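J.: Requesting a structural model of the entry that follows:
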Amino acid sequence: MLSIKLSFLQISPKVWSDDNHLYARTAKVYRLLCLFFYSRTVIIDRIKKHIEVKTKAYWFVTSKRYIPFNDIKYIDVAKIETMSLILRTGATPETWYVQIVRKNKPFRELLFTFNGDGGADETYDYLPFFDFTGMQYEKALSYAELVSKYTGAQLFRDTKIEYNIKVDHYKCLKCGHISPSKTRCMYCGSPEMEKFTI
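T.: Have a look, this model is predicted:
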């Protein structure tokens, strides 16, 4: 099956920058759908050396939190798949998370989500010879790379990963993640895996 990627099949935050700041804000379509009840803005400030996460809810309640650059262990990109309960068309909605893994806190800090159509499940025989997918993974990865550039922190794929040496590991040829899955990448779902020697 031929997969065709189309940008409009995904929803991602608006991202813009200047020399010392990287900005991202909740997509306008999401803000419109919730009647501007909720929005999120992330500002990466090279001068102050911190990430400001500003959340606005109930139209006027605003909260802010700050992540210092020196508390960032690395930037991660993770995926969650959900099956559509309304139409069983074979399409698999995908959500990609761009997160900060901190040195001094046990939980990850979410920066933004990137949502879209992950394409058809291979078990659906009646689908045509081509499939349309969104560009949510590419947009999430691009944003994560910008966050890495502006903060000076490592991206997930550049970090040294500790492995269980008793289990075979495989490298995804699409996204570069290493996992024990031989048949499909645990991160991007690609079936293109090769054995990884530790």
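
J.: Tell me the secondary structure at Gly195.
T.: For the record, residue 195 is Lys, not Gly. strand (DSSP: H, G, I helix; E, B strand; the rest coil).

J.: just Lys105 next, same as before
T.: coil.

J.: What count of nearby residues applies to it?
T.: Lys105 has 12 neighbouring residues, counting by other C-beta atoms under 10 Å. Yep, even glycine has a C-beta here, placed from its N, CA and C like the rest.

J.: what's the nearest residue to it if we skip its chain neighbours?
T.: Residue nearest to Lys105 in three dimensions, not counting chain neighbours: Asp71, with 7.7 Å by C-beta to C-beta, 6 or more residues apart in numbering.

J.: For that neighbour, give me its contacts.
T.: Arg102, Lys103, Asn104, Lys105 (C-beta atoms under 8 Å, 6 or more residues apart in numbering).

J.: Look up phi and psi at the third one.
T.: Recorded main-chain torsions at Asn104 are phi -110, psi 10, according to degrees, to the nearest 10.

J.: OK, contacts around Lys64?
T.: Glu52, Val53, Lys54, Thr55.

J.: List the contacts of Pro96.
T.: Check again: residue 96 is Trp, not Pro. Val77, Ala78, Lys79, Thr113, Phe114, Asn115, Gln136, Tyr137, Lys139, Ala140.

J.: what's the last one sitting at in phi/psi?
T.: I take that to be Ala140. phi -60, psi -40.

J.: I figured it hits Ser12, correct?
T.: Yes - if you go by C-beta atoms under 8 Å, Ala140 and Ser12 touch, sitting 7.4 Å apart.

J.: which neighbours do these two share?
T.: Phe112, Phe114.

J.: Any idea what the closest residue to Pro68 other than its chain neighbours is bridged to?
T.: Nearest residue to Pro68, sequence neighbours excluded (C-beta to C-beta, 6+ apart): His50, at 5.0 Å. Note on His50: beta-bridge partners Asp45, Pro68, judged by DSSP bridges.

J.: can you tell me how far His50 sits from Val42?
T.: 11 Å (C-beta to C-beta, to the nearest Å).

J.: what about those two, which has more around it?
T.: Val42 (25 against 19).

J.: Can you point out the helix or strand that includes the spatially closest residue to Gln154 that is not a sequence neighbour?
T.: Leaving aside its chain neighbours, Gln154 sits nearest to Tyr74 (4.4 Å; criterion: C-beta to C-beta, 6+ apart). Taking DSSP states H and E as the criterion, Tyr74 maps to strand 72-81.
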